[in-house]
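whatever this is, show me its structure:
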Amino acid sequence: MYLNQQLTNSPLQKQTFILYNGKILTVTFYYSNSQQGWFITNLTYEKFILNGIRIVVIPNMLNQFINQIPFGLGCFTTLLREPTQQQDFSSGNFNLYILDQTEIDEYAILLSNNAPS
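Reported below is the predicted structural model:
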């Protein structure tokens, strides 16, 4: 896991990451006051582009795209709520991690083991 320590309380941020495989990931984050939440307005990895996803507390927000991208994004907290405040990431109350393939695989196993029979 790679912790994104670059998120500030600025409502619009564009960040570039070099992933574990050496490829570039570009993400634009936006905080919406009216919707009280953080959003990824653009995520670009090679030819894969994702526009408009709300950041929520979940081990892998990008799980539905596991056949298209070799990474995931997980949001974690010890609080009993979603990231609704502009300072949630800069304060350390919420952490956003970039997951590698091993962690994605472990999450998939966890989901399959908890699936109803």
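
and for L111, the neighbour number?
For L111, the count of nearby residues is 12 (other C-beta atoms under 10 Å). C-beta: built from backbone N, CA, C; applies to glycine.

so it, which state does it fall into?
Under DSSP: H, G, I helix; E, B strand; the rest coil, the three-state class of L111 is helix.

who's in contact with it?
Listed by C-beta atoms under 8 Å, 6 or more residues apart in numbering, the contact set of L111 reads N63.

go with 10 Å
When contacts are counted by C-beta atoms under 10 Å, 6 or more residues apart in numbering, L111 is found next to P59, N60, N63.

and those residues as JSON lines, adding neighbour count?
Putting the contacts of L111 into JSON lines (neighbours: other C-beta atoms under 10 Å) gives the following:
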{"residue": "P59", "neighbour count": "18"}
{"residue": "N60", "neighbour count": "21"}
{"residue": "N63", "neighbour count": "16"}
